[in-house]
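S.K.: next one to model:
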Amino acid sequence: MSEEYDPARRILLTALAGLTLANVPLVAAASDNANVLSNNRTLVVFFTRSGNTRVIAGVIHRSLKTDLFEIEPAKPYPEDYFQTVAQAKSEHDRGTLPALKNTVPDMAGYQTVYLGFPVWGTSVPPVVQTFLSTHDLAGKLLIPFITHGGYGKGDSEDVLARLAADAKREKPLVIEGSQERRTTETVTSWLETVRS
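M.R.: Numbers count the residues shown, from 1 in each chain. Purely as a prediction, here's the structure:
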């Protein structure tokens, strides 16, 4: 997590994300013992802290009319940015993966999974690694979209290759999180190249 914390920016992003995903039903989590909401074979899965990744997930979801699932840790990360940085660094250093609040109930029903996450400490956040370790992506098309605070994707592709070794992977969209004004246009153009 290389991006500096800006409370005003976070409020704006949270508002934008709320508009982006307002009234969008999420895939019913396995812990709810409910069924997936549609027969769609494409799922957008995302983890976000500041809201950047949620905005992109919303654009993909709306453009492709997919199902949607938000990765959340069973115990939420602290609200304080610096405490979250310290916790994520500790998890990374110890090699521990936090438990998930929910899981996708019928991962087998999806052929394509768009996976979005921010880069934390030059890598995939531990909670996203938990998701990858607990959901079988074998044979699926995995299409990553990665946000970062200016330092690039880090070792994200190596982590994805290791934890989703049996998935087919597209080249990821890698976008700097501070580029909100261009996010929708960039994601829409990228989706056109993936769908062609």
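S.K.: could you identify the helix or strand that succeeds the helix-or-strand element of the chain with minimal mean pLDDT?
M.R.: Least confident element among the helices and strands of the chain, by mean pLDDT, DSSP states H and E: helix 7-21 (a mean of 46). Following helix 7-21 in sequence order, the next helix or strand is strand 42-46 (DSSP states H and E).
S.K.: need the contact partners of that following strand.
M.R.: Strand 42-46 is contacted from outside by 27, 53-54, 56-57, 60-61, 64, 66-71, 104, 110-117, 131, using Cβ atoms under 8 Å, 6 or more residues apart in numbering. From N, CA and C alone the C-beta is placed, and that goes for glycine too.
S.K.: low-confidence ranges, the chain, go.
M.R.: Filtered on pLDDT under 70, the chain yields the residue ranges 1-39, 178-184, 196.
S.K.: which stretches in it count as helices?
M.R.: Assigned by DSSP state H, the helices in the chain fall at 7-21, 52-64, 81-94, 126-134, 156-163, 180-195.
S.K.: and these as TSV, adding distance to residue 44 and mean neighbour count?
M.R.: Shown next, in TSV, are the helices of the chain (distance: least, Cβ to Cβ, whole Å; neighbours: other Cβ atoms under 10 Å):
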stretch	distance to residue 44	mean neighbour count
helix 7-21	10	15
helix 52-64	5	22
helix 81-94	23	15
helix 126-134	13	21
helix 156-163	16	17
helix 180-195	11	14
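S.K.: of these, which is nearest residue 146?
M.R.: Of all the helices of the chain, the one in closest proximity to residue 146, counting by Cβ to Cβ, is helix 156-163 (5.5 Å).
S.K.: which residue, neighbours along the chain excluded, lies closest to residue 104?
M.R.: Nearest non-adjacent residue to residue 104, counting by Cβ to Cβ, 6 or more residues apart in numbering: residue 69, 5.4 Å away.
S.K.: mind listing the residues bridging to that neighbour?
M.R.: Note on residue 69: beta-bridge partners residue 45, judged by DSSP bridges.
S.K.: that one contacts residue 105, correct?
M.R.: No. With contacts counted by Cβ atoms under 8 Å, residue 69 stays clear of residue 105, the gap being 9.6 Å.
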